[in-house]
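Colleague: The following block contains a protein sequence and its predicted model.
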Amino acid sequence: MKIIGIVTEYNPFHNGHMYQIEKIKEMYPNSILIIAMSGNYTQRGEISVINKWNKAKIAVNNGIDIVLEIPFIFSNQSADTFSYAALKMLSEFKIDTLVFGSECNNKETLMKAASIQLNNKEFDKLVKLHMDSGENYPTSLNLAIKELSSVNITESNDLLAVSYIKEILKNNYNIDIVTIKRTNSFLDLDSDDTIVSANNIREKARNGKSIGKYLPKESLDLISLYNEEKLFTLLKYKIISEKATLNKYHLINEGIHNRIYKSALNSKNYNELIENIKSKRFTYNKVNRILMNILIGFTKEEACDFRSLEYIKILGMSGNGKRYYNKIKKNISMPVTVKFENYKTSQIELKASIIYSMLTTDSDNLELKSIPYFKD
């Protein structure tokens, strides 16, 4: 029996995710599928359009056996930090295979790019040179890899894949990798096929367009778009009232706090705020993450103190998932919880969940009340 790991966000769960699960089950019948999933906030610094409890329920109802939560302090981060937490928890749950979507769909290419980042002594020097010339970090990574090899990694899933593989190689995890060809582009917001990106679906939903053909009804019924006006108001208040101490928040450096303050004064909405802050060096995604850190109050000091995963939280399990977990739980080397417990890092998760409930139609904070979704 194969134990398959997937790193995902399900923001929202759509036809492409159903295709991936069906493809994996076709490739590996009778396997256990375990996902490491971002919760209410995603790796690109966005607020999830479905809360983490409902995402877990949808996942289990559609073939996933165990849902593990990537906490805010690791999900609202760079690809490397996000991948660290995801692979750490999946390895603790004894996966033997990691499956992910890939634009290039070439295992050797991705392995080569990861190996260069880890092992080539010139790599870090080249990255620094490109960053010193004004390039952002992801672009600098790709340029360095390209100069040291024939490999060109530019697409979003491939960039994440390289980070996953680096974690596997760095920690000597006994995990094989399998790629599934991605059939659409993250940047394509116009496609009307039955399988489109989650980004495409979110954009259509925000513009009031029908999205029913792109995702199962269960996802459609549970989408809860956050209130952008309220988000902007809360952020503007925090930025203006904390002008003198903005620099304390995680990812704020190089004087960007002054730019953030001026942009808050001169912007009329959240999207305009991002556009006014972002630059060649500070990408759209990085600005989003910075703003979420300000909103939640996640500081540089906390990011330094909480570099390691403190616990693993289960958000949902199938009957097969429960039986598998009961078989391996004695061999998991860190705490596993199914409810809110008073760990140091869980206090940040609680704060993040309270703010999430303020911004969405989820009228009540679920962090203290909810238990995992169990399906027999």
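Modeller: In hand now; what should we look at?
Colleague: next SSE after the helix or strand harbouring Glu203?
Modeller: Here Glu203, judged by DSSP states H and E, is contained in helix 198-206. Per DSSP H and E, the first helix or strand lying C-terminal to helix 198-206 is helix 217-222.
Colleague: the strands in the stretch 101-250 of the chain, which residues?
Modeller: 176-181 (DSSP state E, counting those that start in this stretch).
Colleague: just for it, where's the confidence low?
Modeller: Applying pLDDT under 70 to the stretch 101-250 of the chain picks out residues 183-192.
Colleague: That one: helices as residue ranges?
Modeller: 107-119, 123-132, 137-148, 156-170, 198-206, 217-222, 228-241 (DSSP state H, counting those that start in this stretch).
Colleague: ranking these by burial, who's on top?
Modeller: Highest mean neighbour count among these (mean count of other C-beta atoms under 10 Å): helix 156-170, with a mean of 21. Every residue, glycine included, has its C-beta placed from N, CA and C.
Colleague: list the helices and strands it packs on?
Modeller: Judged by 3 or more C-beta pairs under 8 Å, 6 or more residues apart in numbering; DSSP states H and E, helix 156-170 is in contact with helix 79-92, strand 97-102, helix 107-119, helix 137-148, strand 176-181.
Colleague: 7 Å instead, please
Modeller: helix 79-92, strand 97-102, helix 107-119 (3 or more C-beta pairs under 7 Å, 6 or more residues apart in numbering; DSSP states H and E).
Colleague: Lys313 - that's part of a strand, no?
Modeller: Yes. Counting by DSSP: H, G, I helix; E, B strand; the rest coil, Lys313 is located in a strand.
Colleague: what's the closest of the helices of the stretch 101-250 of the chain to Phe282?
Modeller: With C-beta to C-beta as the measure, helix 137-148 is the member of the helices of the stretch 101-250 of the chain nearest Phe282 (9.9 Å).
Colleague: so that closest one versus helix 156-170, what angle?
Modeller: Counting by axes from the mean of the first three to the mean of the last three C-alpha atoms, to 10 degrees, helix 137-148 lies at 70 degrees to helix 156-170.
Colleague: Report all helices and strands that helix 137-148 contacts.
Modeller: Under the contact rule (3+ C-beta pairs under 7 Å, 6+ apart), helix 137-148 is packed against helix 107-119, helix 123-132.
Colleague: Now tabulate these in a markdown table and tack on distance to Tyr249.
Modeller: Formatted as a markdown table, those follow (distance: least, C-beta to C-beta, whole Å):
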| stretch | distance to Tyr249 |
| --- | --- |
| helix 107-119 | 27 |
| helix 123-132 | 21 |
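Colleague: Surely Trp53 is in a strand?
Modeller: No. Secondary structure of Trp53, determined by three-state DSSP: helix, with no strand assignment.
Colleague: Would you map out the domains in the protein?
Modeller: What automatic domain parsing lists as the domains of the chain is 3-103+155-219+308-342+364-375, 107-152, 228-304.
Colleague: Endpoint to endpoint, the shortest one covers what distance?
Modeller: Going back to what we said before, that points to domain 107-152. End-to-end span of domain 107-152 (C-alpha to C-alpha, to the nearest Å): 13 Å.
Colleague: Kindly report the same for stretch 305-313.
Modeller: Using C-alpha to C-alpha, one end of stretch 305-313 lies 20 Å from the other.
Colleague: mean confidence for that stretch?
Modeller: Across stretch 305-313, the average pLDDT comes to 96.
Colleague: got the buried residues for that stretch?
Modeller: Of the residues in stretch 305-313, Phe306, Leu309, Tyr311, Ile312, Lys313 count as buried by neighbour count, 16 or more other C-beta atoms under 10 Å.
Colleague: Then stretch 20-29?
Modeller: For stretch 20-29, the buried set under the neighbour-count rule, 16+ other C-beta under 10 Å, comprises Gln20, Ile21, Ile24, Tyr28.
Colleague: now these in CSV, with distance to Leu215, pLDDT and secondary structure?
Modeller: Output for these, formatted as CSV (distance: C-beta to C-beta, whole Å; pLDDT from 0 to 100; DSSP: H, G, I helix; E, B strand; the rest coil):
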residue, distance to Leu215, pLDDT, secondary structure
Gln20, 13, 93, helix
Ile21, 13, 95, helix
Ile24, 19, 95, helix
Tyr28, 24, 95, coil
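Colleague: For Asp124, state which of these is nearest.
Modeller: Gln20 (33.9 Å).
Colleague: quick one: the nearest residue to that closest one once chain neighbours are set aside from Leu366, how far?
Modeller: Among residues not flanking Gln20 along the chain, Ile180 sits closest, at 6.0 Å (C-beta to C-beta, 6 or more residues apart in numbering). Per C-beta to C-beta, to the nearest Å, Ile180 is found 32 Å from Leu366.
Colleague: again with Glu349
Modeller: 12 Å.
Colleague: same thing with Glu122?
Modeller: Glu122 is 48 Å from Leu366, by C-beta to C-beta.
Colleague: Equivalent analysis for Ala303, please.
Modeller: Taking C-beta to C-beta, one finds Ala303 at 25 Å from Leu366.
Colleague: Neighbours of the closest residue to Asp176 other than its chain neighbours, how many?
Modeller: Nearest residue to Asp176 in three dimensions, chain neighbours excluded: Thr97, at 4.8 Å (C-beta to C-beta, 6+ apart). By the criterion of other C-beta atoms under 10 Å, Thr97 has 17 neighbours.
Colleague: Might one say that Thr97 is in contact with Lys2?
Modeller: Yes. Between Thr97 and Lys2 there is a contact at 5.7 Å, judged by C-beta atoms under 7 Å.
Colleague: pLDDT wise, what is Met334 at?
Modeller: Confidence score, pLDDT, at Met334: 96.
Colleague: I'd assumed it was in a strand, is it?
Modeller: No. Applying three-state DSSP, one finds Met334 to be coil, outside a strand.
Colleague: now Leu309: how far from Ala86?
Modeller: Distance from Leu309 to Ala86, by C-beta to C-beta: 10 Å.
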